[in-house]
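In: structure for this input, please:
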Amino acid sequence: MPDGTAPGLYLVIQPSGAKSFALRFRRPDGKPAKLTLGTYYSSAIEPKDDPVLGAPLTLAMARQLAAVIQRERKRGVDVVAERKSDKGRKNREIEERAANTFGTAARKFCADHKPKRNHRLRHWRYTARVLGLDYPLNGDGKPSVIPGGLADTWADKPLADIDDHDVHVAVREARDRGIPGLNRRNKHKSEARGRSMHSALNLLFTWALDERFDRRLKNNPCRLVSRPGQAVSRDRVLTEA
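Out: Numbering: from 1, shown residues only. Prediction:
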């Protein structure tokens, strides 16, 4: 159904009854084109938001959006090409965020730092466990995700979104309550556990910056978090027994 006010604006009614607004026009090369503006907003309450492509629209909002697009066309802008470019950029951003998560970074970091000498595997496996990944004793094969560990709770969290507050909380939790996902041997506060967590995360973020793992990652958040101090050495005295 063509609109009598806005040139090129149509209300499209599908056989299913679904309604949407579309704008028909010609591209700069003269080829006809159709751009779907959004679905029909059927509520009696007028939305307070400005009209946006892809959002539900009232007739007044559709006319307003159509007028904006027509002005762009008069300036020589290829609206269809711009729309495809915006969608492609948003899709790439979504794919990048999905690929640059903490879970993916932890796996790649551990794989890159696997030692060639067997006597160093123990320390490497412990670092991986602090990050939430459990490798076989020989270091071969894919790691399993430790339930409740960082690779589990931060699995889908983009690495660039982890700030110094997140690191601070993770270090404090490891010091006060134990490393997430691992059984703690000491029920009291342990500076050693906090240092292990801080060290593992610091190594991970240093590697990510060196490898340009995520272009949005600019700084190492661990540098803004104090590393727990060395544990006070205890006097161990044997009894006569």
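In: what distance separates the start and the end of stretch 117-124?
Out: In stretch 117-124, first residue to last residue: 11 Å (C-alpha to C-alpha, to the nearest Å).
In: name the residues that touch that stretch?
Out: 110, 113-115, 135, 137-139 (C-beta atoms under 8 Å, 6 or more residues apart in numbering). To be clear about C-beta, it is placed using only N, CA and C from the backbone, and glycine gets the same treatment.
In: lowest average confidence, helix or strand, in this protein?
Out: helix 79-99 (a mean of 71; mean pLDDT, DSSP states H and E).
In: what's the following helix or strand after that helix?
Out: Counting by DSSP states H and E, the element after helix 79-99 in chain order, helix or strand, is helix 102-112.
In: run the chain-centre distance for that following helix.
Out: With C-alpha atoms, centre = their mean, to the nearest Å as the basis, helix 102-112 stands 15 Å off its chain's centre.
In: CA atoms of that helix as PDB?
Out: Extracted C-alpha coordinates of helix 102-112, given in PDB (Å, rounded to 0.1, in the frame of the first residue of the first chain):
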ATOM      1  CA  PHE A 102      39.100 -15.200  27.300                       C
ATOM      2  CA  GLY A 103      38.400 -18.800  26.800                       C
ATOM      3  CA  THR A 104      40.000 -18.700  23.300                       C
ATOM      4  CA  ALA A 105      42.900 -16.600  24.500                       C
ATOM      5  CA  ALA A 106      43.600 -19.000  27.400                       C
ATOM      6  CA  ARG A 107      43.800 -22.000  25.100                       C
ATOM      7  CA  LYS A 108      46.000 -20.300  22.500                       C
ATOM      8  CA  PHE A 109      48.300 -18.900  25.300                       C
ATOM      9  CA  CYS A 110      48.800 -22.300  26.900                       C
ATOM     10  CA  ALA A 111      49.400 -23.900  23.500                       C
ATOM     11  CA  ASP A 112      52.100 -21.300  22.600                       C
END
